[in-house]
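A.B. asks: Have a look at this fold, sequence not included:
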């Protein structure tokens, strides 16, 4: 998963996030920072909701993908084309960024990926290359395509420009919180490979020193939480399952873990049932469509996994790409 | 429906909306103005989405209710208690406003109202008084309670302070659009009794002269469209039905029609199927939960009912209070 092409990438710093913000200006949506009186009452905290569900392509992934590709172009290294492997949000983010930059994109997706995600990715103009996830290696397919087409691979998280792009959401959170007169005591974000959390951590630790950073993970994919406690990267069980399809990375990224180990307080875990209940709460009370993986931080807050009372807490809703059937099951089944 | 208690109410003007905005400051949510690249591509317009779905209680209704009650208190006319009749959004808006102002509220609701709406209204601390909608008159029940309890009746739309409160959303739209450098050529809003549209029209015609104002209605409740064409208030058929439960007023209000007749271009009609498809589009692409009545203006835009190409158009999403079952049916059934 950490197929970075830059042979000697250094960790991104705050200046890289500032540069990413300039590249994204006018292209990424500056998503709002929302408040809910009902959620504040329920938690005893002042909650600031950052809905990257409202971002282009329905998740934060557009930020990193656009930043990486735009930087290559600005530096005179315009690629012939772009390739990425993903079954979901990263696919759509890369496809949309490539289309805006007039680059051909090929996305390697498993043949059994949800039809709606394949259709959405194709809708951004990308070529879809399907593979048999039980017989073929997506990394090998992507590498072969990259060689044949002189294409650049856009990795999903373990990459300095991807991390810097995701970090722009953190600068927005602090600026928007400041405008509300409500600087956050803590930020909690969904965590898969750790790219979003690493970017947010760099941004927020700079702009709001003292703000604690927490990750939230599915209970069966709690690799970052365990790795942070162990001080080394640990993998998830090979047979682990979760409804949070956006958060199924096998283990923390090398670069993302190095950053998160330094800047993140801890990561907490939530069950799939807690995720469904959080999706239902977002439907019923916040009126926001959130996908399972996008709802884990909200689930952690609703279940008191981090200290809440009297605090101001920024909660990242990282994506909203969920098919109607799974969504309907989540909002119907969950207790209020 | 026009049970105003102020015997000689005058039409609200822009100054009344400014006063309402001061009263609502820090109490109503300043909902964001959202953009969607996908929606712009589909329509050929620049669409600015005002999601009052994200307002306190899940609809714009809180604005008018809070403004009316707060003004009474500020003027030394604090009521003993508050009464309103409504099966939906107005009930929740009045209940939440009364709770914030430490006023007792009684809401007269039909005994067959959706359990979730009764529960939500009770959740704001209101007393629920149910009645048999086929045998009893809710107006008589409300009037009796008002007399017994020295309560003030908060009417749903045909009232100067209610209209002024709803109009504050219009001032926000223009200010937020100006900040984006995208002044609207047109605004389209859902229309039931016409209170929201009247308030928006007063605000927007002042702040953005030349901006056209359109209403959107269910096809079987197109009373405002027909009334505007006829130049007089016309009623809907007594047996009319629509899934847009928030927009079932029997005819335009007296005061709202006088305002809308002067300031509104026209009102367009959409079918229930077009409403379901708009709800599905908001789910799939905008990631916003919108109820049937809240989606009629979006439905009108998606179906080209007003001129779109090259224009900047503000679209009001007026509410998001829908139960999971009806929502699931809408997002499952609609063609993409």
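C.D. replies: The structure has been received and is ready for your questions. These figures come from a predicted structure and were not determined experimentally.
A.B. asks: for chain A, where's the lowest mean pLDDT among helices and strands?
C.D. replies: Sorting the helices and strands of chain A by mean pLDDT, DSSP states H and E puts helix A:115-123 at the bottom, at a mean of 84.
A.B. asks: Going along the chain from it, find the next helix or strand for me.
C.D. replies: Downstream of helix A:115-123, the first helix or strand assigned by DSSP states H and E is strand A:127-131.
A.B. asks: Quick check: residue A:42 vs residue A:255, distance?
C.D. replies: 37 Å (CB to CB, to the nearest Å). Every residue, glycine included, has its C-beta placed from N, CA and C.
A.B. asks: Between those two, point out the one with more neighbours.
C.D. replies: Taking other CB atoms under 10 Å in any protein chain shown, residue A:42 and residue A:255 do not tie; residue A:255 has more neighbours (25 against 15).
A.B. asks: Which element, helix or strand, includes the more buried one?
C.D. replies: Using DSSP H and E, residue A:255 maps to helix A:254-263.
A.B. asks: so how far is the helix or strand just after that helix from its chain's centroid?
C.D. replies: Proceeding N to C from helix A:254-263, the next assigned helix or strand is strand A:266-270, under DSSP H and E. Mean C-alpha position of strand A:266-270 versus that of the full chain (CA atoms, centre = their mean, to the nearest Å) differs by 16 Å.
A.B. asks: Give me the mean pLDDT for the helix or strand following strand A:266-270.
C.D. replies: Scanning forward in sequence from strand A:266-270 by DSSP H and E, the next helix or strand is helix A:272-281. For helix A:272-281, mean pLDDT is 97.
A.B. asks: got the angle between helix A:272-281 and strand A:266-270?
C.D. replies: If you take axes from the mean of the first three to the mean of the last three CA atoms, to 10 degrees, helix A:272-281 sits at 90 degrees to strand A:266-270.
A.B. asks: how far away is residue A:268 from residue B:161?
C.D. replies: 46 Å.
A.B. asks: Pick out whichever of the two has more residues nearby.
C.D. replies: The neighbour comparison of residue A:268 against residue B:161 (other CB under 10 Å) goes to residue B:161, with 26 against 23.
A.B. asks: Are we agreed that that one is in a helix?
C.D. replies: Yes: according to DSSP: H, G, I helix; E, B strand; the rest coil, residue B:161 belongs to a helix.
A.B. asks: list the contacts for residue A:109?
C.D. replies: A:85, A:86, A:87, A:91, A:117, A:118, A:121, A:128, A:129, A:130, A:131 (CB atoms under 8 Å, 6 or more residues apart in numbering or on different chains).
A.B. asks: Which members of the residues you listed are classed as buried?
C.D. replies: Among these, those classed as buried by 16 or more other CB atoms under 10 Å in any protein chain shown are A:85, A:86, A:87, A:91, A:117, A:118, A:121, A:128, A:129, A:131.
A.B. asks: for these, which one is nearest chain B?
C.D. replies: Nearest to chain B among these: residue A:117, at 11.7 Å, using CB to the nearest CB.
A.B. asks: picking that back up, which strands and helices sit next to the least confident helix or strand of chain A?
C.D. replies: Packing contacts for helix A:115-123, counted by 3 or more CB pairs under 8 Å, 6 or more residues apart in numbering or on different chains; DSSP states H and E, involve helix A:89-100, strand A:104-110, strand A:127-131.
A.B. asks: one more time with 6 Å, if that's ok
C.D. replies: Packing partners of helix A:115-123 (3 or more CB pairs under 6 Å, 6 or more residues apart in numbering or on different chains; DSSP states H and E): helix A:89-100.
A.B. asks: close to chain B, is the helix it packs on?
C.D. replies: No: counting by CB under 6 Å from any CB of the partner chain, chain B has no neighbours in helix A:89-100; the shortest distance is 8.0 Å.
A.B. asks: hmm, who's touching that helix?
C.D. replies: Residues outside helix A:89-100 that contact it (CB atoms under 6 Å, 6 or more residues apart in numbering or on different chains) are A:56-57, A:59, A:61-62, A:65-66, A:69, A:82, A:84, A:105, A:107, A:120-121, A:124-126, A:154, A:156, A:246, A:319, A:321.
A.B. asks: Check which helices and strands the helix or strand that contains residue A:202 sits against.
C.D. replies: Here residue A:202, judged by DSSP H and E, is contained in helix A:195-207. In terms of contact count using 3+ CB pairs under 6 Å, 6+ apart, helix A:195-207 is assigned the packing partners helix A:160-179, strand A:186-190, helix A:254-263.
A.B. asks: Show me the one of the ones you listed that comes nearest chain B.
C.D. replies: Nearest to chain B, of the helices and strands packed on helix A:195-207 and by CB to the nearest CB, is helix A:160-179 at 10.1 Å.
A.B. asks: Tell me the buried residues in that closest one?
C.D. replies: The neighbour-count check on helix A:160-179 (16+ other CB under 10 Å) flags A:160-174, A:176-177 as buried.
A.B. asks: Kindly state the pLDDT recorded for residue A:133?
C.D. replies: 76.
A.B. asks: Is the helix or strand that contains residue A:48 in proximity to chain B?
C.D. replies: Here residue A:48 sits within strand A:46-51, counting by DSSP H and E. No: judged by CB under 6 Å from any CB, strand A:46-51 stays clear of chain B, getting no closer than 7.6 Å.
A.B. asks: any idea of the mean pLDDT in that strand?
C.D. replies: Per-residue pLDDT values across strand A:46-51 average out to 98.
A.B. asks: packing partners for the next helix or strand after it?
C.D. replies: Using DSSP H and E, the helix or strand that follows strand A:46-51 in sequence is helix A:61-74. Here helix A:61-74 touches helix A:14-24, helix A:89-100, helix A:160-179, going by 3+ CB pairs under 6 Å, 6+ apart.
A.B. asks: now the second one, how far from the centre of its chain.
C.D. replies: The reference is to helix A:89-100. In terms of CA atoms, centre = their mean, the centre of helix A:89-100 is set 14 Å apart from its chain centre.
A.B. asks: quick check: angle from it to helix A:160-179?
C.D. replies: Put simply, helix A:89-100 runs at 90 degrees to helix A:160-179, going by the same axes, to 10 degrees.
A.B. asks: Can you tell me the SS state at the residue of chain A positioned farthest from its centre?
C.D. replies: Largest separation from the mean C-alpha position in chain A: residue A:148, at 29.5 Å (CA atoms, centre = their mean). Per three-state DSSP, the secondary structure class of residue A:148 is helix.
A.B. asks: can you tell me how far it sits from chain B?
C.D. replies: Distance, residue A:148 to chain B, using CB to the nearest CB, to the nearest Å: 31 Å.
A.B. asks: before we move on, back to that, got a list of contacts for the helix holding residue A:255?
C.D. replies: The contact list for helix A:254-263, computed with CB under 6 Å, 6+ apart, reads A:2, A:157, A:158, A:194, A:195, A:197, A:198, A:201, A:205, A:213, A:233.
A.B. asks: Could you identify the most distant pair in those residues?
C.D. replies: Farthest-apart pair in the contacts of helix A:254-263 is A:2 and A:205; separation 22.9 Å (CB to CB).
A.B. asks: Could you count how many residues lie near residue A:125?
C.D. replies: Using other CB under 10 Å, the number of residues around residue A:125 comes to 15.
A.B. asks: And for residue A:230?
C.D. replies: Neighbour count for residue A:230, taken as other CB under 10 Å: 9.
A.B. asks: Over to residue A:134?
C.D. replies: The number of residues packed around residue A:134, counting by other CB under 10 Å, is 8.
A.B. asks: likewise the one 10 residues further on?
C.D. replies: Counted with other CB under 10 Å, residues neighbouring residue A:144 total 13.
A.B. asks: Need the pLDDT of the closest residue to residue A:281 other than its chain neighbours.
C.D. replies: Nearest non-adjacent residue to residue A:281, counting by CB to CB, 6 or more residues apart in numbering or on different chains: residue A:302, 6.1 Å away. Listed pLDDT for residue A:302 reads 98.
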